[in-house]
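# Quick one, fold the following:
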Amino acid sequence: MRVGHVRERHGPAGSPWRLAVSPDATGAWLDLEIVRRRLVAADPRRAHNAILFRQPITILDDHLGRGLRIEALRELVEGFAAGGGARDVDDDAVLDEANLAFGPPVLRPASFRDFYAFEQHVRTVWERRGGDIPEAWYRLPIFYFSNTSELRGPGDRVWAPRGSSELDFELEVGAVVDTPVYNLPEERAAEAIGGYLVVNDWSARDLQRDESTVRLGPAKGKDFALTIGPWIVTPDELADRWATDALSPDLAMTASVTGADGRTVVVANGSWASARYSFAQMLARASADVHVRPGELLGSGTVGTGCLLEVKDQTLGRWLEPSDVVTLAIERIGELTTPIVARPAS
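Numbering: from 1, shown residues only. Next up is the predicted model:
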């Protein structure tokens, strides 16, 4: 199933996000609070017997904060179906995807650990610095912490930070941890991941290049925007593309840029299966001697060809500019689109 924060596309400004689920490929979404109220009205014992039904369903962050996992939401979907719920426009629990705006699927993540899992990207970065991939990269899933205060969702604008003229995107897979973990062994770590999403870890390459000479960071070269979405896809939706003993599923990852002239340039073509490290390995590393909490995010790092730093000269021929629209897509997970604008006046 797909899980996301939604509100009516043409609804009142400032309307709160609501938690919704799309159980299948029909494009219909279920407003989970309406479903919960309906099920409790049909059987009041539900509110006494299960925490899922006891309090209003608001946002995913609060759901996870109550100690419930993403998969627990399936009980609402199944209850709706068992009660004969009609998936049509006459049922107020049913929402048409075409009429919805989507927000970040996690609104207040406590942290975002961004890893460095794709060898092609790592090699390109180190070759540009005149070096080879450090030996430690082949032994350890390496990550850094990024800022979560400047979180963006689908369609939210992004601009280059002050002092930068080299704005770049980074196409990544994201994972949401949905249960508390500590010192998690690799063989159990995948069980703690509630779902996957598309991540765009924006970069200001000129700031990053300057800061990297000090060998600390990343700092302001990354610390200005993070876009996630458009929703979370639960692991069962990807199971048939996960080959036996494979670290990751074989899913296409693509990126394109549409300029002010309307011309679209496909910039990236990669595969999640090319990652050297699985999210289980990443989470095991992240949880070593550390409590990782529900709602925390992990990023895979940039897929090979998944940024202009790697392929600008062969593709777009420039860095991102105002009026560009960046579209990142991961097969089976979704498409994340961002308009680039001029930096607003302070």
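
# What is the end-to-end distance of stretch 8-25?
20 Å (C-alpha to C-alpha, to the nearest Å).

# Can you list the neighbours in contact with that stretch?
1-7, 28-33, 57-60, 63, 73, 76-77, 81, 95, 97, 99-101, 103, 107, 231 (C-beta atoms under 8 Å, 6 or more residues apart in numbering). C-beta here means a position set from N, CA and C on the backbone, and glycine is covered the same way.

# Narrow these to those in strands?
2-7, 28-31, 95, 100-101, 231 (DSSP state E).

# My read is that Leu107 contacts Asp62, right?
No. Contact criterion C-beta atoms under 8 Å: Leu107 and Asp62 do not qualify, at 9.3 Å.

# Give the ChimeraX command for selecting the buried subset of the contacts of stretch 8-25.
Filtering the contacts of stretch 8-25 down to the buried ones (16 or more other C-beta atoms under 10 Å) takes a single ChimeraX command:
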select :1,2,3,4,5,6,7,28,29,30,31,32,33,57,59,60,63,73,76,77,95,97,100,101,103,107,231
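
# out of the ones in strands among the contacts of stretch 8-25, who's nearest Arg37?
Nearest to Arg37 out of the ones in strands among the contacts of stretch 8-25 is Asp31 (C-beta to C-beta; 9.8 Å).

# The closest one reaches Leu95, doesn't it?
Yes. With contacts counted by C-beta under 8 Å, Asp31 reaches Leu95, the gap being 5.9 Å.

# anything in contact with each of those two?
Val6, Ala20.

# Let's verify Thr26: helix, strand, or coil?
Look at Thr26: counting by DSSP: H, G, I helix; E, B strand; the rest coil, its state is coil.

# what's the spacing between it and Ala98?
When distance is defined by C-beta to C-beta, to the nearest Å, Thr26 is 12 Å away from Ala98.

# so where do the helices sit in the stretch 51-200 of the chain?
51-54, 60-65, 74-82, 119-128, 186-189 (DSSP state H, counting those that start in this stretch).

# How about residues contacting the longest one?
Meaning helix 119-128. 116, 132-134, 137, 270, 274, 276, 301-307, 309-310.

# For PyMOL, write the selection for the buried entries among the residues you listed.
Of these, the buried ones go into a single PyMOL selection, burial set by 16+ other C-beta under 10 Å:
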select buried, resi 116+137+270+274+276+301+302+303+304+305+306+307+309+310
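
# What about the contacts of helix 119-128, which are in strands?
Per DSSP E, those map to strands at Gly270.

# Could you list the low-pLDDT ranges of the protein?
84-90 (pLDDT under 70).

# got the domain boundaries for it?
2-102, 112-339 (automatic domain parsing).

# Check the gap between Tyr116 and Ala41 for me.
Counting by C-beta to C-beta, the gap from Tyr116 to Ala41 is 50 Å.

# did I read that right, Leu238 in a helix?
Yes. When three-state DSSP is applied, Leu238 is found to be in a helix.

# list the contacts for the nearest residue to it once chain neighbours are set aside?
Distances taken as C-beta to C-beta, 6 or more residues apart in numbering put Pro249 closest to Leu238, at 4.9 Å, once the chain neighbours are dropped. Neighbouring residues of Pro249 by C-beta under 8 Å, 6+ apart: Leu238, Arg241, Trp242, Ala243, Trp272, Ala273, Arg332.

# And what about Pro249, helix, strand or coil?
Pro249 ends up coil, using three-state DSSP.

# distance of it from Pro235?
From Pro249 to Pro235 the distance is 9 Å (C-beta to C-beta).

# what about the nearest residue to Trp137 once chain neighbours are set aside, neighbour count?
Distances taken as C-beta to C-beta, 6+ apart put Val122 closest to Trp137, at 6.1 Å, once the chain neighbours are dropped. Counted with other C-beta atoms under 10 Å, the neighbours of Val122 add up to 20.

# separation between Ala20 and Val35?
Ala20 is 10 Å from Val35, by C-beta to C-beta.

# now His291
In terms of C-beta to C-beta, His291 sits 32 Å off from Val35.

# same thing with Arg276?
Distance from Arg276 to Val35, by C-beta to C-beta: 41 Å.

# With Ala192 instead?
For Ala192, the distance to Val35 - C-beta to C-beta - is 26 Å.

# do Glu191 as well
In terms of C-beta to C-beta, Glu191 sits 26 Å off from Val35.

# Between those two, which is the more surrounded one?
Ranked by neighbour count (other C-beta under 10 Å), Glu191 and Val35 place Val35 first, with 23 against 13.

# Spit out the contact partners of that one.
For Val35, counting by C-beta under 8 Å, 6+ apart, the contacting residues are Leu76, Val77, Gly79, Phe80, Gly85, Ala93.

# All the strands of the stretch 151-300 of the chain, residue numbers only.
Assigned by DSSP state E, counting those that start in this stretch, the strands in the stretch 151-300 of the chain fall at 151-152, 167-168, 171-177, 181-182, 193-200, 203-204, 226-233, 252-258, 264-271, 291-292, 297-299.
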